[in-house]
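Asker: Below is the sequence, then the predicted model.
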Amino acid sequence: MTTNPMDVIRMALDREKAAYRSYTEYARIATEPAIKELFQYLAGEEKKHVKLLQEEIERETHQEM
């Protein structure tokens, strides 16, 4: 089990990136406009999460120096 907070953040980042890729693909192949819009929205939310986690990793990396 991972107990290091940075490892957990990196794991979360990987999962958010995977979710973004999945939602983007689902939006691409969706034929119903409402479903396409939903997946585009979800992809956008995941993109925000990726950015937040990347920023946190950057902050932590710079604090260690």
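Answerer: In hand now; what should we look at? Numbers count the residues shown, from 1 in each chain.
Asker: Identify each buried residue in the one helix or strand V8 maps to, please.
Answerer: If you go by DSSP states H and E, V8 is part of helix 5-29. Neighbour-count burial for helix 5-29, with 16 or more other CB atoms under 10 Å as criterion, is recorded at 9, 13, 16-17, 19-20, 23-24, 26-27. Quick note: C-beta positions are derived from backbone N, CA and C, even for glycine.
Asker: Which strands or helices does it pack on?
Answerer: With contacts taken as 3 or more CB pairs under 8 Å, 6 or more residues apart in numbering; DSSP states H and E, helix 5-29 sits against helix 33-63.
Asker: What residues does the residue nearest the centre of the chain make contact with?
Answerer: Nearest residue to the geometric centre of the chain (CA atoms, centre = their mean): E16, 2.5 Å. Applying CB atoms under 8 Å, 6 or more residues apart in numbering to E16 gives the contacts 46, 49-50, 53.
Asker: Export the residues you listed to a markdown table and append columns for pLDDT and neighbour count.
Answerer: Listed next are the contacts of E16 as a markdown table, based on pLDDT from 0 to 100; neighbours: other CB atoms under 10 Å:
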| residue | pLDDT | neighbour count |
| --- | --- | --- |
| E46 | 98 | 20 |
| H49 | 97 | 16 |
| V50 | 98 | 18 |
| L53 | 97 | 19 |
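Asker: What is the nearest of these to P33?
Answerer: Taking CB to CB as the measure, P33 lies nearest E46 of these, at 20.4 Å.
Asker: And that closest one, how close does it get to D7?
Answerer: 20 Å (CB to CB, to the nearest Å).
Asker: Then K17?
Answerer: 16 Å.
Asker: now the buried residues of helix 5-29 in CSV, with pLDDT and distance to I35?
Answerer: Output for the buried residues of helix 5-29, formatted as CSV (pLDDT from 0 to 100; distance: CB to CB, whole Å):
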residue, pLDDT, distance to I35
I9, 94, 31
L13, 97, 27
E16, 98, 21
K17, 98, 22
A19, 98, 16
Y20, 98, 17
Y23, 98, 11
T24, 98, 14
Y26, 98, 8
A27, 98, 8
